[in-house]
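A.B. asks: Mind looking at a prediction? Sequence and model below.
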Protein chains: 2
Amino acid sequence: MNKIVECVPNFSEGRDLDKVEQIVSAFRGVRGVNLLSYEPDADYNRVVVTVMGEPEAVKEAVINSVKIATELIDLRNHTGEHSRMGASDVVPFIPIKNMTIEECVEIAKEVGERIADELAIPVFLYESAATCPERVNLAKIRKGQFEKMAEKLQEPNWKPDFGESQPHPSAGVTAVGARNPLFAFNIDLDTADIEIANKIAKAIRHSSGGFRYIKAGGVYLKERNHVQVTMNITDYTKTAVYRVFETVKMEAKRYGVNVIGSEIIGLVPMASLIDTAEYYLKVRDFTMDKVIETRLMESLGE
Amino acid sequence: MNKIVECVPNFSEGRDLDKVEQIVSAFRGVRGVNLLSYEPDADYNRVVVTVMGEPEAVKEAVINSVKIATELIDLRNHTGEHSRMGASDVVPFIPIKNMTIEECVEIAKEVGERIADELAIPVFLYESAATCPERVNLAKIRKGQFEKMAEKLQEPNWKPDFGESQPHPSAGVTAVGARNPLFAFNIDLDTADIEIANKIAKAIRHSSGGFRYIKAGGVYLKERNHVQVTMNITDYTKTAVYRVFETVKMEAKRYGVNVIGSEIIGLVPMASLIDTAEYYLKVRDFTMDKVIETRLMESLGE
């Protein structure tokens, strides 16, 4: 059974495309590693890279990319719209095939330790890899950004999980974590009333009493002149996509509002949508084994 | 862009498992060929093999398997519940990835010609590869079975597409074809009245005025004491799964009957079910590119 892990490292360079190419070159032509996408953003001055492949190969390639980023990026001269605390800002590992989140936590720990040892960059573990509840949320770790990290690391609560209590002079601090694949989903309503979107978001999200694996909010889309409930399903295997969709429809009804469409953002796992089709078609005894692509992936990977 | 073809050859041996193993050995350990399943059936005295892979590699492996079957199977001593006319009875090619049905027709023609030339077995092309309308339907070609083939091949209408007008003495005649992936789908109704299932089947199937790519019938399931509309969707890209499902629900309503479940038989392409999820979730601008498995298949295949 071949294992496949995804990694979505974010590097703090989105303007100098030559440097971006040098960083992503760590993922090119490496056996067992597939570079799926990289999107440099000049406003953010940041690049989000998506790679997948065999855990050992991905691990090595990620460490190489962090090495290159450490050599090329100097945060002392860095500006951009996105908050950041490191040249290699955040490195999440995501289980894709024949892997558990626990195995990704192990990978995050190994990679974190090596970044600290080999590059003298302090590392925080976050999300499922976090070593205490205050470190689950990346935003809390990154608060203060690169400029305040020297100070923050002196606080007893903010001793890094790996490395010294002192940022790397030019590359700052890196967060390494493990999380499940996200399903980023927006549902459009036939109203321009943001209050209605906010109320529905509140009804479905975990923080205010909704589903365990939903983060949600309301958004008004000026161009289309209607509102949207925007959400991340952080574990679609436990909070099913169709269940959330039907709940939004049901809540919208009390305001006399209809769901008129939806958007899926970024890459999603096949199983999240096939699970949805199974629900609506009332399929009995279905398994992902019955999907040709599952069989192909197994045999291609052998 | 790597191409993937499926082939589902049916061989007339389901009892002597040693012979079955020798036949499927043609698909084992061959670079570019993946043996997905083979199911010998003693009552039928037949084995259905499912393989996928690179067109050239699959083509060669299929021809090898037909050679082995020709050496091992003698239809003069063959009995079984399933109709058959050849040791290698039927060889359909199915486009799976980055291929068109036309390309599968080309493969069917090449394979058919080589079976006739190299093994002296007459070949009929069927389904999308058929050279005239009477040869589209396999049942019509096979009518009379092995025992009547010598006679049938003398009729001017039944001159084979490749090879002589005389069956191979022990291996008979082979049908080689191209078809789209089937979506075999059964919908359960909360009634035991077979007439209702038959009427709904009639309403949805092509032959009596229904959807272009539906073959359907009614079945009574004794053990469960309810009826089922059983169907093949022969091109789900044109007759969508959700559309047929909703139509069955709608027709059932006029009899006061509900759809209580469904079954998907055999392997189905991911896109058939994701298309269904897209419909029910009202997703805008979705493409299969957004599915992780699509990206993985592309990169694994490179």
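C.D. replies: Perfect, I can see it now. Residues are numbered from 1 along each chain as shown, chains lettered A, B, ... in the order given.
A.B. asks: Walking through the stretch 1-150 of chain A, point out its helices one by one.
C.D. replies: Assigned by DSSP state H, counting those that start in this stretch, the stretch 1-150 of chain A shows helices spanning A:17-24, A:55-72, A:101-119, A:138-142, A:145-152.
A.B. asks: what does the last one rub up against?
C.D. replies: Helix A:145-152 is contacted from outside by A:75, A:78, A:83-86, A:143-144, A:158, A:166-167, A:172-173, using C-beta atoms under 8 Å, 6 or more residues apart in numbering or on different chains. Where you see a C-beta, it was placed from the backbone N, CA and C, and this is true even at glycine.
A.B. asks: who wins for most neighbours among those residues?
C.D. replies: Within the contacts of helix A:145-152, neighbour counts (other C-beta atoms under 10 Å in any protein chain shown) peak at residue A:86, which reaches 32 neighbours.
A.B. asks: What distance do you get for that one to residue A:42?
C.D. replies: 19 Å (C-beta to C-beta, to the nearest Å).
A.B. asks: Of the helices of the stretch 1-150 of chain A, which shows the lowest average pLDDT?
C.D. replies: Among those, helix A:138-142 carries the lowest mean pLDDT, at a mean of 93.
A.B. asks: Which elements pack onto it?
C.D. replies: strand A:88-97, strand A:123-127, strand A:174-178 (3 or more C-beta pairs under 8 Å, 6 or more residues apart in numbering or on different chains; DSSP states H and E).
A.B. asks: hey, which of those strands is tucked in deepest?
C.D. replies: Highest mean neighbour count among the helices and strands packed on helix A:138-142 (mean count of other C-beta atoms under 10 Å in any protein chain shown): strand A:174-178, with a mean of 28.
A.B. asks: Strand partners (parallel or antiparallel) of the next helix or strand after that one?
C.D. replies: Note on strand A:174-178: by DSSP states H and E, the next helix or strand toward the C-terminus is strand A:183-189. Applying DSSP bridges, strand A:183-189 is found paired with strand A:226-233 (antiparallel), strand A:259-265 (antiparallel).
A.B. asks: would you turn the helices of the stretch 1-150 of chain A into CSV with mean neighbour count?
C.D. replies: Shown next, in CSV, are these (neighbours: other C-beta atoms under 10 Å in any protein chain shown):
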stretch, mean neighbour count
helix A:17-24, 17
helix A:55-72, 20
helix A:101-119, 19
helix A:138-142, 17
helix A:145-152, 16
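A.B. asks: So for residue A:131, which of the ones you listed sits nearest?
C.D. replies: helix A:101-119 (9.3 Å; C-beta to C-beta).
A.B. asks: got the angle for that closest one vs strand A:123-127?
C.D. replies: 160 degrees (axes from the mean of the first three to the mean of the last three C-alpha atoms, to 10 degrees).
A.B. asks: Output the below-cut-off pLDDT ranges for chain A.
C.D. replies: A:1, A:299-302 (pLDDT under 70).
A.B. asks: so residue A:39 sits right up against residue A:48, yeah?
C.D. replies: Yes. Shown here, residue A:39 and residue A:48 form a contact pair, counting by C-beta atoms under 8 Å, at 5.4 Å.
A.B. asks: The two: which has the busier surroundings?
C.D. replies: residue A:48 (19 against 12).
A.B. asks: what's the spacing between the more buried one and residue B:278?
C.D. replies: 25 Å.
A.B. asks: what's the answer for residue A:138, then?
C.D. replies: If you go by C-beta to C-beta, the gap between residue A:138 and residue B:278 works out to 31 Å.
A.B. asks: and what of residue A:111?
C.D. replies: Residue A:111 is 36 Å from residue B:278, by C-beta to C-beta.
A.B. asks: how close does the residue nearest to residue A:9 when sequence neighbours are not counted sit to residue A:59?
C.D. replies: Leaving out its chain neighbours, the residue that sits closest to residue A:9 by C-beta to C-beta, 6 or more residues apart in numbering or on different chains is residue A:91, at 4.6 Å. Distance, residue A:91 to residue A:59, by C-beta to C-beta: 10 Å.
A.B. asks: residues from the stretch 101-250 of chain A in reach of chain B?
C.D. replies: When proximity is defined as C-beta under 8 Å from any C-beta of the partner chain, the stretch 101-250 of chain A approaches chain B at A:181, A:241-242, A:245.
A.B. asks: run the last query once more with 7 Å
C.D. replies: Contacts of the stretch 101-250 of chain A with chain B, taken as C-beta under 7 Å from any C-beta of the partner chain, map to residue A:245.
A.B. asks: For chain B, what's its nearest residue on the stretch 101-250 of chain A.
C.D. replies: Chain B sits closest to residue A:245 of the stretch 101-250 of chain A, with a gap of 5.5 Å, by C-beta to the nearest C-beta.
A.B. asks: Can you classify the closest residue to residue A:76 other than its chain neighbours as helix, strand or coil?
C.D. replies: Once flanking residues are discounted, residue A:76 sits nearest to residue A:170: 6.1 Å by C-beta to C-beta, 6+ apart. Of the three states, residue A:170 takes coil under DSSP: H, G, I helix; E, B strand; the rest coil.
A.B. asks: For residue A:52, list each beta-bridge partner.
C.D. replies: Going by DSSP bridges, residue A:52 forms beta bridges with residue A:6, residue A:34.
A.B. asks: what residues are up against it?
C.D. replies: A:4-6, A:34, A:36, A:96, B:296 (C-beta atoms under 7 Å, 6 or more residues apart in numbering or on different chains).
A.B. asks: Among the residues you listed, which one lies nearest to residue B:133?
C.D. replies: Among those, and counting by C-beta to C-beta, the member closest to residue B:133 is residue B:296, at 41.1 Å.
A.B. asks: what's the burial count for residue A:156?
C.D. replies: 6.
A.B. asks: and for residue A:91 and residue A:59, which residues touch both?
C.D. replies: residue A:111.
A.B. asks: rewinding a little: so can I have a markdown table of the helices of the stretch 1-150 of chain A showing distance to residue B:68?
C.D. replies: Shown next, in a markdown table, are the helices of the stretch 1-150 of chain A (distance: least, C-beta to C-beta, whole Å):
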| stretch | distance to residue B:68 |
| --- | --- |
| helix A:17-24 | 48 |
| helix A:55-72 | 38 |
| helix A:101-119 | 42 |
| helix A:138-142 | 59 |
| helix A:145-152 | 67 |
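A.B. asks: Compare these and give me the one nearest residue A:266.
C.D. replies: In terms of C-beta to C-beta, the element of the helices of the stretch 1-150 of chain A nearest to residue A:266 is helix A:138-142, at 17.0 Å.
A.B. asks: My read is that residue A:213 contacts residue A:241, right?
C.D. replies: No. Between residue A:213 and residue A:241 there is no contact under C-beta atoms under 7 Å: 10.7 Å.
A.B. asks: Can you name the residue of the stretch 1-150 of chain A nearest chain B?
C.D. replies: Closest point on the stretch 1-150 of chain A to chain B, by C-beta to the nearest C-beta, is residue A:34, at 3.5 Å.
A.B. asks: Could you check how far that residue is from residue A:53?
C.D. replies: When residue A:34 is compared with residue A:53 (using C-beta to C-beta), they lie 5 Å apart.
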